[in-house]
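Engineer: Using only what follows, build the 3D model:
(one chain, ligands or ions: 4)
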Amino acid sequence: MRAEPCRTEQREQRIATCPLCEALCGVLVEVDGRRIREVRGDPDDPFSRGYICPKAAALADLHDDPDRIRTPLIRAGAEWREASWDEALERAAAGLDRVRRRHGRDAVALYYGNPVAHNLGLLTHGLAFRRAFGTRNVYSASSTDQLPQMLAALRMFGHLGLIPVPDVDRTDFFLIMGANPVVSNGSLMSAPDMRRRLGGIRQRGGRVVVVDPRRTQTAAVADEHLAIRPGADALLLAGMLHVIATEGWMRLGRFAGRVKRLDALTAFVRDLPPERVAGRTGIAPEAIRRLAAAFAHARRAACYGRVGLCTQRYGTLAAWLLQALNLVTGRLDEVGGVLLPTPAVDAVGILGRLGWRGTFDRWRSTARRLPEFSGELPVAGLADEIEHAGPGSVRALITVAGNPVLSAPNGRRLDRALGSLEHVVAIDPYLNETTRHAHVLLPPAPPLARPHYPLALGSFAVRNVAKYADAVIPRTGEQRHDWEILVELGGRALAPRPLRWLVIRAAAALRPERILDLLLRFGPYRLTLARLRAAPHGVDLGPLQPGRVAASIATADGRIDIAPEDFLREARDKLRAEEDRGAPDGLVLIGRRQLRSNNSWMHNSPRLVKGADRCVLLVHPDDAAPRQLLDGDLAVLESEAGTVTVAVEVIGAIRPGVVSLPHGWGHDRDGVRLRVARLHAGVSANDVTSERHLDTLSGNAAFNGLPVTVRRRS
Ligand SMILES: Nc1nc2c(c(=O)[nH]1)N[C@H]1C(S)=C(S)[C@@H](COP(=O)(O)OP(=O)(O)OC[C@H]3O[C@@H](n4cnc5c(=O)[nH]c(N)nc54)[C@H](O)[C@@H]3O)O[C@H]1N2
Ligand SMILES: Nc1nc2c(c(=O)[nH]1)N[C@H]1C(S)=C(S)[C@@H](COP(=O)(O)OP(=O)(O)OC[C@H]3O[C@@H](n4cnc5c(=O)[nH]c(N)nc54)[C@H](O)[C@@H]3O)O[C@H]1N2
Ligand code: SF4
Ligand SMILES: [Mo]
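Structural biologist: Ligands and ions are numbered 1, 2, ... in the order given. The predicted structure follows:
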């Protein structure tokens, strides 16, 4: 924020950015002393222009939530007691030190959750913290999310952060696969007010096509909806590429001469015509041909995929073929296609220049042999790493802004495994399903108490904008920022005793704002923090520029690999067999997001959870009838991994054979201190998802397309 001139009574208005999701909406926060009175959209924000979603107002609930933990807690048995920062940090560090000495470095695991991406201090200090522990057991929400897109980027472009964003405001044909941005507000595509932007495409005479097993809120405002069978996106894309290759519609545009192994790709798709993939995809051959032609011939077109595309068995193959489609139709790096932003701090570019372009499969996890990526392991294997109890097993865990008990596949099993650990430290503002297993809970200052700059997400925004906000209500002397906790904890646990305070002081002197200022100065616009402070609504840096992808290709030979060997092998060995399998004969489960919910952690906001319970299973009438299920009935949803009992909503807007349950619910476990959320507990979708049902290449969780049964609860 920067003090605004307008001042009414005690109230003051501060300008900030909502830190809850990737849309980066500008907000005006009215404060009264240390209280938040109101949060509104900032009409002068050049990016969001006043748009906010209902979650912004809930920032006030978050700030004032009596259940938000304000003092460090130490657990003794089932009891918690408040402790000073010094005692809690000392206890937390001593336990980590003990486990490291007894069982080695890898015995301490780290888990970084989704809010890390929205937290400046965790971004500036989190990587060093992780490095300092030197453990191979690093986990994050990435392996329940975008890992397939990262791996495809690494293999094709040589850098796992090189994920181009759709140029929504200038495209004429927007193909959306496995994403529901009208509800999620966009991901790896920061674009506030998606409804307006999609409307803009249609007003320009363009088309929006959504590929999704459910007729989502995004599909409802699109020109066409193709209700694909879950898990078949790679085959659909292969069918489209077949048409484009055989019709001779391929054009590489600026990448002609810089693409290798195109013949291998065309050879692969040659015998996957629409007629062959129609059965498994559930999409008629004529519709696939029509889609391929429309995409190839539109003046400007962009294909975009997200969580639904990634979290399936062939997520990496789908992410690869999606980018191949953009590339062979000349959409990559062109206006109205998919482009790379030029953010004021080019985090992806800086990491690349420092040699950190990402790695894959340098080692495998001990128990499950899941592949490493960029020093991390897939979280689907974490329970096994704890439970195998042999050499190298995990004995301690640090969670930072994560709730894997509700967010990782087979959370029930992980829940049990966490209970067996010798030492757990949680850096989190809530005592929830995961952090209840902590021995020490270290609560950070709330979001509006910290400065905000989208260090990571600027690289995925649909327009170049720079925006910095100071803390709306600065933290008190008693509160600690996340990054300060990392510095103190890391220093105490790892630095040799005589050097400890020196290390901590030196690291603490590198404040996130100072680092940011430096990065801005060396950035493409030579900005400074002072300059951004003087323009609190944000600085518009213009539309995305073509040519950035071409300039950023980081492969050894400078060429794009359009048919990476290991992808092609997997596609030949497994995906082809899939195509012959046809439709699954029973029901399959998919997930969904909800506007008034944010993964697992906003359900303690009274204004967000009010109204009808939202944790319901969507079932098509054709599937409900034979099971004698009526709207509102309780059903037992069961998979190989587990069972939940949940109310059903019978609805036509989902493909027959598919049922949908949102994740992030299930707040009625013992020891959870979320009084509002408990009243709207719901069930956890991840008590049903399986830690064995993974993307075959990357080990990413395959939440979607999981075989399940549904029966009426007797
Ligand atoms: N079935 C199913 N499961 C899914 C998904 C799905 O689509 N279906 N989606 C997956 C995806 S995409 C994601 S990203 C993951 C998310 O998975 P996670 O990141 O593990 O979980 P979140 O629900 O985001 O929990 C965030 C945690 O951070 C805490 N927190 C919030 N803000 C801060 C902060 O500023 N500092 C600190 N220290 N803590 C904070 C909250 O209290 C909460 O405990 O879930 C995944 N799980
Ligand atoms: N309100 C709200 N906003 C959020 C979040 C939230 O929890 N609530 N979470 C944030 C996070 S962490 C993320 S990563 C983003 C995610 O952003 P999105 O990817 O837009 O999120 P989802 O709504 O999960 O969309 C996934 C879609 O994929 C569909 N789907 C499922 N299986 C398949 C399949 O096999 N093929 C295809 N083609 N589609 C399939 C689902 O029906 C669903 O509509 O949202 C972010 N924004
Ligand atoms: S869409 Fe909602 S949650 Fe996301 S940044 Fe905007 S106001 Fe915040
Ligand atoms: Mo996510």
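
Engineer: Strands of the stretch 251-400 of the chain, start to end?
Structural biologist: Along the stretch 251-400 of the chain, the segments classed as strands by DSSP state E, counting those that start in this stretch run 259-260, 301-305, 338-339, 360-364, 371-373, 396-400.

Engineer: who's in contact with R258?
Structural biologist: When contacts are counted by Cβ atoms under 8 Å, 6 or more residues apart in numbering, R258 touches L252, A550, I553, G558, R559, I560. All C-beta spots, glycine's among them, are computed from the backbone N, C-alpha and C.

Engineer: Switch the strands of the stretch 251-400 of the chain over to JSON lines; also include distance to ligand 3.
Structural biologist: Output for the strands of the stretch 251-400 of the chain, formatted as JSON lines (distance: least, Cβ to the nearest ligand atom, whole Å):
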{"stretch": "strand 259-260", "distance to ligand 3": "36"}
{"stretch": "strand 301-305", "distance to ligand 3": "17"}
{"stretch": "strand 338-339", "distance to ligand 3": "22"}
{"stretch": "strand 360-364", "distance to ligand 3": "31"}
{"stretch": "strand 371-373", "distance to ligand 3": "27"}
{"stretch": "strand 396-400", "distance to ligand 3": "21"}
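
Engineer: Nearest approach to M189 belongs to which of those?
Structural biologist: strand 301-305 (6.4 Å; Cβ to Cβ).

Engineer: what sits up against the closest one?
Structural biologist: Outside strand 301-305, the residues touching it (Cβ under 8 Å, 6+ apart) are 149, 165-168, 171-179, 189, 233, 295, 318-319, 322, 325-326, 329, 331, 336-338.

Engineer: now that strand: mean pLDDT?
Structural biologist: For strand 301-305, the mean per-residue pLDDT is 98.

Engineer: Within the sheet, what are the partner strands of it, with directions?
Structural biologist: With DSSP bridges as the test, strand 301-305 is paired with strand 173-177 (parallel).

Engineer: so after the partner strand, what's the next helix or strand?
Structural biologist: As assigned by DSSP states H and E, the chain's next helix or strand after strand 173-177 is helix 181-184.

Engineer: quick one: that following helix near ligand 1?
Structural biologist: No - counting by Cβ under 6 Å from any ligand atom, ligand 1 has no neighbours in helix 181-184; the shortest distance is 9.2 Å.

Engineer: Counting by contacts, list what that helix packs against.
Structural biologist: The helices and strands touching helix 181-184, judged by 3 or more Cβ pairs under 8 Å, 6 or more residues apart in numbering; DSSP states H and E, are helix 194-203, helix 217-220.

Engineer: who wins for proximity to ligand 2 among those helices?
Structural biologist: helix 217-220 (7.3 Å; Cβ to the nearest ligand atom).

Engineer: pLDDT (mean, whole number) over the closest one?
Structural biologist: 98.

Engineer: Show me what that helix is packed up against.
Structural biologist: Helices and strands touching helix 217-220, by 3+ Cβ pairs under 8 Å, 6+ apart, are helix 181-184.

Engineer: Give me the contact list for the helix it packs on.
Structural biologist: Residues outside helix 181-184 that contact it (Cβ under 8 Å, 6+ apart) are 21, 187, 189, 191, 194-195, 198, 216-218, 220-221, 306-307, 592-595.

Engineer: Pretty sure V616 sits against V648.
Structural biologist: Yes - checked against Cβ atoms under 8 Å, the pair V616 and V648 is within contact range at 6.5 Å.

Engineer: These two: who's more crowded?
Structural biologist: Neighbour count, other Cβ atoms under 10 Å: between V616 and V648, V648 has more, with 25 against 21.

Engineer: Can you classify that one as helix, strand or coil?
Structural biologist: Following DSSP: H, G, I helix; E, B strand; the rest coil, we place V648 in the strand state.

Engineer: Alright, that wraps it up for me.
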